[in-house]
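**Q** The sequence and its predicted three-dimensional model are supplied below.
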Amino acid sequence: MKEKTILITGAGSGLGKGTALGLAAKGHKVIAGVHKWEQKSRLLKDSKKAGVEDNLEIIKLNILDLMDCQKAWEYDIDILVNNAGIGHSGPVSEMPVGLIREVMETNVFSNLEFAQPFIKKMIEKGTGKLVFVSSVAGLSTTPYLGAYNASKHALEAIAQSLRDELTPMGLTVATINPGPYDTGFNDRMYDNYAQWFDKETHFTPLKNIEAAAKSMAENQFNPKGMIEKMIEIIPQESHNFRTILPVDFADMCKSYQEKQYSIQCDTAFDFKD
């Protein structure tokens, strides 16, 4: 496979970090965007330990920061991997709407805004690939993750629209949809409702939120398999538009979507049904 120049956002931790190191190990030129300067120090150390520092350039890249974005837009790349994202948890019936806006701004608007200058360059070259790291959360919903679900559903629509608009002009567009992997992201997302939730004033039973958080913590997967799949898929010229892992989550998402056409309005969805 021809070596590619690949820019990955959100490469300072989790799946993004593992994928950046893995792609560099495969000989690709990787530009790893990290959200904070201290993440650069840690990734630099890890890249030297892995022996891939010659293939890995680390840049400070907060996709909400115009200065960071302008520096990143100077690169000439073959593949853009939009991996940066955040999450907030809690009942959407009571969550401060500003927190939902924050999730949408990062996961949807800023991802698209960051991609647009690269899209223009790719169109001028007649080639290029966009990969959006979405989630199974973009194909289903879970109580108390509504803000994150909404952002990933929106990102799915953006990616599908870009696919249909850009593939006739020579570009490739794909999504990667991880399930719950044990990178720390899901745990921290479930932790943050505690910043605003007050059991004395909010009506949602706290025990329900805590049970959901506990279930998530106890039902996560080793991220190694997801990282390996991302390393495999990202440089490929052609593959399925949507890559879902674990593989059985694809059927789960299809079942979820199908049931939305028959579920009654006075019934809560239950994945066990």
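**A** That came through fine.

**Q** Just the CA trace of stretch 206-220, in PDB.
**A** The C-alpha trace of stretch 206-220 is given here as PDB (Å, rounded to 0.1, in the frame of the first residue of the first chain):
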ATOM      1  CA  LEU A 206     -30.000  10.000  40.700                       C
ATOM      2  CA  LYS A 207     -30.000   6.200  41.100                       C
ATOM      3  CA  ASN A 208     -31.000   5.800  37.400                       C
ATOM      4  CA  ILE A 209     -28.100   7.900  36.200                       C
ATOM      5  CA  GLU A 210     -25.700   6.100  38.500                       C
ATOM      6  CA  ALA A 211     -27.000   2.700  37.300                       C
ATOM      7  CA  ALA A 212     -26.400   3.800  33.600                       C
ATOM      8  CA  ALA A 213     -22.900   4.900  34.400                       C
ATOM      9  CA  LYS A 214     -22.100   1.700  36.200                       C
ATOM     10  CA  SER A 215     -23.400  -0.400  33.300                       C
ATOM     11  CA  MET A 216     -21.200   1.600  30.900                       C
ATOM     12  CA  ALA A 217     -18.200   1.100  33.100                       C
ATOM     13  CA  GLU A 218     -18.700  -2.600  33.300                       C
ATOM     14  CA  ASN A 219     -19.400  -3.300  29.600                       C
ATOM     15  CA  GLN A 220     -16.500  -1.800  27.700                       C
END
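
**Q** and that stretch, how far from the chain's centre?
**A** Centre-to-centre, stretch 206-220 and its host chain are 21 Å apart (C-alpha atoms, centre = their mean, to the nearest Å).

**Q** residues making contact with it?
**A** 89-91, 142-145, 180-182, 186-187, 190-191, 193, 197, 199 (C-beta atoms under 8 Å, 6 or more residues apart in numbering). (C-beta placed from N, C-alpha, C; glycine too.)

**Q** before we move on, what about stretch 63-82?
**A** For stretch 63-82, using C-beta under 8 Å, 6+ apart, the contacting residues are 4-9, 16, 19, 31, 33, 59-62, 84, 105-106, 110-111, 113-115, 117-118, 121, 127-133, 234-235.

**Q** hmm, 6 Å instead?
**A** Residues outside stretch 63-82 that contact it (C-beta atoms under 6 Å, 6 or more residues apart in numbering): 4-9, 31, 61-62, 84, 110-111, 114, 117-118, 129-132.

**Q** Of these, grab the buried ones for PyMOL.
**A** Per 16 or more other C-beta atoms under 10 Å, the buried members of the contacts of stretch 63-82 correspond to this PyMOL selection:
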select buried, resi 4+6+7+8+9+31+61+62+84+110+111+114+118+129+130+131+132
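
**Q** my guess is A20 contacts A32, does it?
**A** Yes. In this structure A20 lies within contact range of A32 using C-beta atoms under 6 Å: 4.2 Å.

**Q** more neighbours, these two?
**A** A20 (34 against 29; other C-beta atoms under 10 Å).

**Q** To which secondary structure element is that one assigned?
**A** helix 14-25 (DSSP states H and E).

**Q** go on, T204?
**A** T204 belongs to no helix or strand, assigned by DSSP H and E.

**Q** Spatially nearest residue to it, not counting backbone neighbours?
**A** In space, and not counting its chain neighbours, T204 is closest to P91: 4.3 Å by C-beta to C-beta, 6 or more residues apart in numbering.

**Q** these two touch, right, the one you found and H202?
**A** No. P91 lies out of contact with H202 (C-beta under 6 Å); the separation is 7.7 Å.

**Q** just checking, what's the longest strand in the chain?
**A** strand 171-178 (DSSP state E).

**Q** Paired strands for it, with orientation please.
**A** Strand pairing for strand 171-178, using DSSP bridges, gives strand 128-133 (parallel), strand 242-245 (parallel).
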